[in-house]
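1. with the input below, show me the fold.
(one chain, ligands or ions: 1)
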Amino acid sequence: MRVTVIGGGPAGMAAALSAKRAGAEEVLLLERAERLGGVLPQCIHTGFGVSYFKEDLTGPEFAERLERLVAKAGVEVWLNSIALQAFPDRQLLVSTRLGLRALRPDVLIFAVGARERPRGAIAIPGDRPAGVFTAGTAQYMTNIQGLQVGREFFILGSGDIGLIMARRFTLEGLIVHGVAELMPFPGGLSRNVQQCLRDYAIPLYLSHTVTGVRGKQRVEAVTVAPVDPNGYPLRDQERTYAVDSLILSVGLLPEAELLRQAGLTMAPETGGPAVDQYYQCEREGIFAVGNGVAIWDLADNVAETAEVAGRAAVLCPPGRGWARVEGRGGIRVVIPQRWRLEDRDLVLHFRAGKPTIAPRLRVTCKGQLLARRGYAALRPAEMEEIRIPAEKLAMVEAGDLVVLELEEGSGG
Ligand SMILES: Cc1cc2nc3c(=O)[nH]c(=O)nc-3n(C[C@H](O)[C@H](O)[C@H](O)COP(=O)(O)OP(=O)(O)OC[C@H]3O[C@@H](n4cnc5c(N)ncnc54)[C@H](O)[C@@H]3O)c2cc1C
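-> Have a look, this model is predicted:
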């Protein structure tokens, strides 16, 4: 069996490794950059690998560990090789150092990662001076290129990369005046809010937005205002911050272009392709893993779920059909969106639409209860899971709809 994996980040490396370990004869890993690792080399803080390697590692350390395992397992790696086009029959056009190559593997695994949303910049009125960066670009320039991107910062959006950069700038002796978040709750993980903002006394302004940017050559100031419940700025309460840089951290979106070309059905709520519990897309032999499917909280989650796909690509027996899985009533994202019928427990990953204290979650099909679980709290920034036992799933048939929702009256 020939398996080709597109993308050499943690997802691609973990998928390639597990496909090889599961017995695939040829596993080819394509990476457009000149090194493996994806985004991890620029994430120089710790917090990686705690569940996957049982050790607290930095991003580069996590990437290096995987890279060594990939090399040891005999995965073939093509660096500087970009998949330009993908077709529904698994044909692939790849630009390599030796010219264009056409491939048609038995299994194609997309592990193409995510891109940053530029949305925040477009909506801000005012000048367009230098000094406006996405958080990921600022992270790359600071940690990889060794550049100082500015001296005084304001951050729009409380996504994890922005929170991490707030701490990074502070550790460099630079000044972060605050983080404005449009929503009434943070966009990043609670641990990052604590460790990156509160521990350094950096203010987080919830239900606030940046209303203007001023400056001719370089940013000179930004204005910030609270928003009403509909998200409209209350301009009479605007405050001005004299900063030379505005950092945008308004979330990530799966890199979906190639997947669309391959004719895959996309899931609007994740921005990635619809997948089953083995991360197989709606076309036989095509899988998608990592942040290219949905934005996971941690690189550990990415590697663990990609391993499932790599193994399944080689070993998974044909299913007996699929049931659909949908989140409703307070549930914003569910993965997988399809369940391949089988006699095993099913783990559903999900995100709540808003922070909810002490909710009860239930999973039903055709009006019958499959699983129920209470949580101390659910937060949109944190992906949670629920396990449905195999014996409960026995009544689900191909074409059925499995619904995940918060019970009415539970939570607050
Ligand atoms: C800018 C940024 C900063 C981040 N910072 C942090 C952080 O500080 N801490 C944290 O826990 N998480 C961070 N994350 C999240 C982290 O990226 C993920 O947890 C993890 O790296 C996702 O792994 P992945 O393999 O799915 O994607 P990636 O790591 O993005 O890897 C995808 C790989 O696919 C390659 N690729 C894409 N398209 C093609 C193609 N057509 N052909 C060939 N190769 C291709 C890319 O070059 C890349 O190497 C960050 C994400 C981003 C985007």
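2. which single residue of the stretch 151-300 of the chain ends up nearest the ligand?
-> Here the stretch 151-300 of the chain gets closest to the ligand at one residue, G290, 2.4 Å apart by C-beta to the nearest ligand atom. C-beta coordinates here come from the backbone N, C-alpha and C atoms, glycine included.
3. next, the contact list for that residue, please.
-> 7, 9-12, 15, 111-113, 296, 302, 305-306 (C-beta atoms under 8 Å, 6 or more residues apart in numbering).
4. which of the residues you listed come close to the ligand?
-> 7, 9-12, 111-113, 296, 302 (C-beta under 6 Å from any ligand atom).
5. name the nearest of those residues relative to M383.
-> W296 (6.3 Å; C-beta to C-beta).
6. assign a three-state SS to that closest one, would you?
-> Following DSSP: H, G, I helix; E, B strand; the rest coil, we place W296 in the coil state.
7. ok now do it, which residues does it touch?
-> 290, 302, 305, 383.
8. the same query, at a cut-off of 6 Å, please.
-> Counting by C-beta atoms under 6 Å, 6 or more residues apart in numbering, W296 makes contact with V302.
9. just the buried positions in whichever helix in the chain runs longest, please.
-> For the chain, the helix that runs over the most residues, judged by DSSP state H, is helix 299-315. For helix 299-315, the neighbour count (16 or more other C-beta atoms under 10 Å) marks 299-314 as buried.
10. same question for stretch 327-339.
-> 327, 330-331, 333-339.
11. what's the burial count for the spatially closest residue to P41 that is not a sequence neighbour?
-> Counting by C-beta to C-beta, 6 or more residues apart in numbering, P60 is the residue found nearest to P41 once chain neighbours are left out, at 5.0 Å. By other C-beta atoms under 10 Å, 17 other residues sit near P60.
12. kindly confirm my reading that P60 is in a strand.
-> No: looking at P60 with three-state DSSP, it is helix, so not inside a strand.
13. dump the residue contacts of V77.
-> V77 touches L29, counting by C-beta under 6 Å, 6+ apart.
14. tell me the helix or strand right after the helix or strand hosting it.
-> Using DSSP states H and E, V77 sits in strand 76-78. Where DSSP H and E defines the elements, the next helix or strand beyond strand 76-78 is strand 82-86.
15. please identify the buried residues of the helix or strand just after that following strand?
-> Downstream of strand 82-86, the first helix or strand assigned by DSSP H and E is strand 92-96. Using 16+ other C-beta under 10 Å as the test for burial, strand 92-96 gives 92, 94-95.
16. got it, and stretch 98-107?
-> Those would be 103, 105, 107, for stretch 98-107 by 16+ other C-beta under 10 Å.
17. now stretch 246-261
-> So for stretch 246-261, counting by 16+ other C-beta under 10 Å, buried means 246-256, 258-259.
18. what do you get for stretch 40-54?
-> Buried residues in stretch 40-54, defined by neighbour count with 16+ other C-beta under 10 Å: 40-45, 47-49, 52.
19. mind telling me the two of those farthest from one another?
-> Maximum distance among those (C-beta to C-beta): 18.9 Å, for Q42 and Y52.
20. hey, what's V222 bridged with?
-> V213, Y241 (DSSP bridges).
21. wait, it sits on Y241?
-> Yes: in terms of C-beta atoms under 6 Å, V222 counts as a neighbour of Y241; the distance is 5.5 Å.
22. spell out which residues are contacts of both of the two.
-> With C-beta under 6 Å, 6+ apart as the test, V222 and Y241 both reach F154.
23. which of the two has more neighbours?
-> V222 (28 against 16).
24. re earlier: hmm, the strand holding V77 touching the ligand?
-> No: shown here: strand 76-78 not in contact with the ligand (C-beta under 6 Å from any ligand atom), separated by at least 8.9 Å.
25. quick check: neighbours of that strand in the sheet, parallel or antiparallel?
-> By DSSP bridges, strand 76-78 pairs with strand 26-30 (parallel).
26. mean confidence score for the strand it pairs with?
-> The average pLDDT within strand 26-30 is 98.
27. show me what it is in contact with.
-> With C-beta under 6 Å, 6+ apart, strand 26-30 has contacts from 2-6, 8, 12, 16, 19-20, 75-78, 81, 83.
28. same thing with stretch 190-206?
-> 160, 163-164, 166-167, 170, 176, 178-181, 184, 186.
29. how about those, which pair is most distant?
-> T170 and P184 (24.9 Å).
30. tell me the residues of the stretch 301-412 of the chain that contact the ligand?
-> V302.
31. where's the residue of the stretch 301-412 of the chain found nearest the ligand relative to V39, distance?
-> Closest to the ligand within the stretch 301-412 of the chain is V302: 4.4 Å, counting by C-beta to the nearest ligand atom. With distances taken as C-beta to C-beta, to the nearest Å, V302 is found 10 Å from V39.
32. the stretch 201-350 of the chain: strands as residue ranges?
-> 204-206, 208-214, 221-226, 239-241, 245-248, 252-254, 286-288, 322-327, 331-335, 338-340, 346-352 (DSSP state E, counting those that start in this stretch).
33. what's the burial count for the nearest residue to E25 once chain neighbours are set aside?
-> Counting by C-beta to C-beta, 6+ apart, the nearest residue to E25 once its immediate chain neighbours are dropped is M1, at 5.9 Å. For M1, the neighbour count with other C-beta under 10 Å is 14.
34. and for L341?
-> L341 has 17 nearby residues by other C-beta under 10 Å.
35. and for D228?
-> 9.
36. same question, the one 10 residues further on
-> Other residues lying near E238 total 13 when counted by other C-beta under 10 Å.
37. so it sits against V227, correct?
-> No: contact between E238 and V227 fails when scored by C-beta under 6 Å: they sit 11.4 Å apart.
38. per-domain residue ranges of this structure.
-> Under automatic domain parsing, the residue ranges defining each domain of the chain are 1-116+252-316, 118-250, 319-412.
39. which SSE is G136 in?
-> Counting by DSSP H and E, G136 is found in helix 135-143.
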